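Engineer: fold the stuff below for me.
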Amino acid sequence: MDTANQNTVQPTIRFKKNQKLHVRVPAPSPKRFYGHGIPGIDTEKLIGKLVVVEGADGSGRSSQIARLVEWLEGSGHATVQVGLKLSNLVSAELEKAKQGNILSRSTLSLFYATDFADQLENTMIPALKAGAMVLADRYIYTLMARDMVRGMDEAWLKNLYGNRVGARCRFLSQRVARTAGQRNFAKHSALDYWESGIDLGLSRDWFDSFLTYQTLITEKFRHLQSLYGFTSVNGNQSGDAINTELRKRIEALMLGKDHSKLNPHPYA
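Structural biologist: Coordinates of the predicted model:
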């Protein structure tokens, strides 16, 4: 990807003023790529932290990310947010292409992979070099789970996302599928074609298709969890309880501790 692209927008690192400002300087931690990586990138210079929150639609990810950003910025930390379909390069084209509901599984996969690669190179890497806290509202694990449900080869997907930076904090927010579906419908007054797996022909009823599809996604997440070590978070708790748990584990990360060993939730 051409990093000299004139349309590239550098990430904006925001600070929030706080009269009782107390900045905890994050402890250094090793970074690595999970595959072939990006040529010319020295992972030792990626001094920021990457926090990933995964989960299906309606699992409460975005709300928790917003609260974490407010908390971190209020404590004096620079934050940068990334997620799906936020690339300056292809996000608009991807959204248009999805509206036709005719994309093949390979085209859909490569579209999202391009979206991720652009954000990685032009937003995440610069932010991590600058020492920012990068919060990802879903990461490549969601993309891999979706593609695996659609029959894509796991080895091919691992190679496709071999340029990804490994996150030290990987949270999987899990909520009962029916609850997630009802919450999602209440928020948008409709169910999304792709998030309901309609292209897979699981059911003629969209809500039933959503439940079946999200159950399949959960199974793939559990498989990926065994490979990459997500920390499960019970999405059926109150928002305050979830946020308290996330903060506790992120604080452990900044102290250089293994957050996964801090009183693992029984839901995990």
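
Engineer: any weak-confidence spans in this structure?
Structural biologist: By pLDDT under 70, the weakly predicted segments of the chain are 1-37, 39, 175-189, 258-268.

Engineer: secondary structure element for Val244?
Structural biologist: Slight slip there: residue 244 is Thr, not Val. Using DSSP states H and E, Thr244 maps to helix 239-254.

Engineer: nearest spatial neighbour of Ile65, skipping sequence neighbours?
Structural biologist: Spatial nearest neighbour of Ile65, chain neighbours left out: Asp137 (4.8 Å); criterion: C-beta to C-beta, 6 or more residues apart in numbering. For the C-beta atoms, the positions are set from N, CA and C on the backbone; glycine is no exception.

Engineer: show me which residues of stretch 221-239 are buried.
Structural biologist: Neighbour counts using 16 or more other C-beta atoms under 10 Å place Phe221, Leu224, Gln225, Tyr228, Phe230, Thr231, Ser232, Val233, Gly235, Asn236, Gln237 of stretch 221-239 among the buried residues.

Engineer: scratch that, stretch 141-157 is what I was asking about
Structural biologist: Tyr141, Thr142, Leu143, Met144, Ala145, Arg146, Asp147, Met148, Val149, Arg150, Met152, Leu157.

Engineer: circling back: which of the buried residues of stretch 221-239 lies closest to Ala252?
Structural biologist: Closest approach to Ala252 among these (C-beta to C-beta): Thr231, at 10.7 Å.

Engineer: give the full set of residues in contact with the most centrally placed residue in the chain.
Structural biologist: Closest to where the C-alpha atoms of the chain average out (C-alpha atoms, centre = their mean) is Arg138, at 1.8 Å. Neighbouring residues of Arg138 by C-beta atoms under 8 Å, 6 or more residues apart in numbering: Val52, Val53, Glu54, Gly55, Arg61, Gly83, Leu84.

Engineer: and if you look at Val134?
Structural biologist: If you count contacts by C-beta under 8 Å, 6+ apart, Val134 has them with Gly48, Lys49, Leu50, Val51, Thr79, Val80, Gln81, Val82, Met124, Ala127, Leu128.

Engineer: by how many degrees do the host helix or strand of it and helix 239-254 diverge?
Structural biologist: Assigned by DSSP H and E, Val134 belongs to strand 133-137. Per axes from the mean of the first three to the mean of the last three C-alpha atoms, to 10 degrees, the angle that strand 133-137 makes with helix 239-254 is 140 degrees.
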